[in-house]
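J.: Fold the following.
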Amino acid sequence: MIAVNDHPPSKTTNCRTLSRPIRKLPRENWRRYSELDPLRQRCTTRHLAPTRRRAANAAEAEPHQLKHLLFVWWNAKGSIYYKLFLASRTATATIYVDQLQKLVDAIREKRLRRSIVHFLHDNARLHVASGTHQKTTKLGWHPVIHSSYSPGLAPSDYQLFRPLKLRLQERKIDKYDDLKTAVNNFFASQSPKFWAKSSSDLPNRWARVTDLNGEYIVDYWWF
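T.: Reported below is the predicted structural model:
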């Protein structure tokens with residue numbers, strides 16, 4: 001699939017100025033008890049298509065009853081904090097800010113020497129809400145520039161969520177506890193090399209965007 005930015009000059013400028021290392025790579029995602037719909041894989045909310053093997057009673061359920069919200073924050077050393085919500089929980093700015101505070105607590109516990117946080121997230125509504133901005137400003141975190149419509153520059157897109165989805169496809173998931181276990185096992189089973197790859201790849205992607213003057217061709221299926 002080819003993804004070309006609508007505003008190449010702005011994107012090029014952003015990538016040229018990004019020289020500092022990435023510390024935090026946050027993202028939210030949706031999970032459903034179902035198979036992956038590749039045509040919707042890049043949707044912001046990550047809805048997964050209904051499975052043909054779903055039981056009759058599950059097929060009659062409302063779609064929102066089968067979706068689960070997953071927040072994940074991670075860096076080159078591994079996952080720092082993640083939360084999988086029960087079905088039907090809707091993402092709101094209040095919930096997001098509350099999760100950011102839990103992330104702060106996790107950083108203090110798992111990254112004791114981390115005094116400076118460079119915070120990478122996209123332009124989703126939750127991420128640009130006034131409450132989110134006030135929270136990150138109060139914390140003294142440094143936002144990392146991210147151009148709109150650039151999944152090839154979002155490590156959570158190309159490095160984390162795709163392999164997670166592939167892992168979930170391989171398992172039979174009928175209830176929340178099964179999904180939670182599968183997600184926990186996925187994060188716990190990743191090697192240090194898996195997490196470190198994002199930090200080594202991202203600067204190269206910025207450089208590629210700069211070389212191509214903002215027109216970044218992405219074969220999303222291979223990330």
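J.: Quick one: residues contacting residue 110.
T.: Residue 110 is in contact with residue 80, counting by Cβ atoms under 8 Å, 6 or more residues apart in numbering. The way it works is simple: take the backbone N, C-alpha and C, and place the C-beta from them, glycine included.
J.: Kindly list the single helix or strand of this protein that scores lowest on mean pLDDT.
T.: Ranked by mean pLDDT, DSSP states H and E, the weakest helix or strand in the chain is helix 56-59, scoring a mean of 46.
J.: I'd like the average pLDDT over the lengthiest strand in the chain.
T.: In the chain, with assignment by DSSP state E, the single longest strand is strand 67-75. Computed over strand 67-75, the mean pLDDT rounds to 89.
J.: Quick one: list the elements packing against that strand.
T.: On a contact count with 3 or more Cβ pairs under 8 Å, 6 or more residues apart in numbering; DSSP states H and E, strand 67-75 meets strand 27-32, strand 78-84, helix 93-110, helix 176-189, helix 192-211.
J.: So residue 207 versus residue 150, what's the distance?
T.: Using Cβ to Cβ, to the nearest Å, we find residue 207 at a distance of 14 Å from residue 150.
J.: that older thread, for the helices and strands packed on strand 67-75, which one sits closest to residue 117?
T.: Residue 117 lies closest, by Cβ to Cβ, to one member of the helices and strands packed on strand 67-75: helix 93-110, at 7.2 Å.
J.: what's the following helix or strand after the closest one?
T.: strand 118-120 (DSSP states H and E).
J.: That next one: which residues count as buried?
T.: Within strand 118-120, the residues that count as buried by 16 or more other Cβ atoms under 10 Å are 118, 119, 120.
J.: Show me what it is packed up against.
T.: Secondary-structure packing of strand 118-120 (3+ Cβ pairs under 8 Å, 6+ apart): strand 142-144.
J.: ok, the strand it packs on: who's next to it in the sheet?
T.: Strand 142-144 has the following sheet partners, assigned by DSSP bridges: strand 118-120 (parallel).
J.: Indicate which one of the helices and strands packed on strand 67-75 is closest to residue 145.
T.: Residue 145 lies closest, by Cβ to Cβ, to one member of those: helix 192-211, at 9.9 Å.
J.: Now do that closest one and helix 176-189, the angle between them.
T.: Angle, helix 192-211 to helix 176-189, by axes from the mean of the first three to the mean of the last three Cα atoms, to 10 degrees: 80 degrees.
J.: could you give the angle of helix 192-211 to strand 67-75?
T.: 90 degrees.
J.: between helix 192-211 and strand 78-84, how big is the angle?
T.: Interaxial angle of helix 192-211 relative to strand 78-84 (the same axes, to 10 degrees): 90 degrees.
J.: So between residue 207 and residue 150, which is more surrounded?
T.: residue 150 (21 against 13; other Cβ atoms under 10 Å).
J.: circling back: which strands border the longest strand of the chain, and is each parallel or antiparallel?
T.: By DSSP bridges, strand 67-75 pairs with strand 27-32 (antiparallel), strand 78-84 (antiparallel).
J.: Confidence-wise, which of these is weakest overall?
T.: Mean pLDDT is lowest for strand 27-32 among these, at a mean of 51.
J.: Can you pull out the low-pLDDT segments for the protein?
T.: When residues are selected by pLDDT under 70, those of the chain lie in 1-9, 11-12, 14-66, 114, 149, 214-223.
J.: Residue 133 and residue 117, how far apart?
T.: Using Cβ to Cβ, which is the criterion applied here, residue 133 is 15 Å from residue 117.
J.: the more surrounded of these two?
T.: Of the pair residue 133 and residue 117, residue 117 is the one with more neighbours under other Cβ under 10 Å, namely 18 against 12.
J.: Thanks again, I'm all set now.
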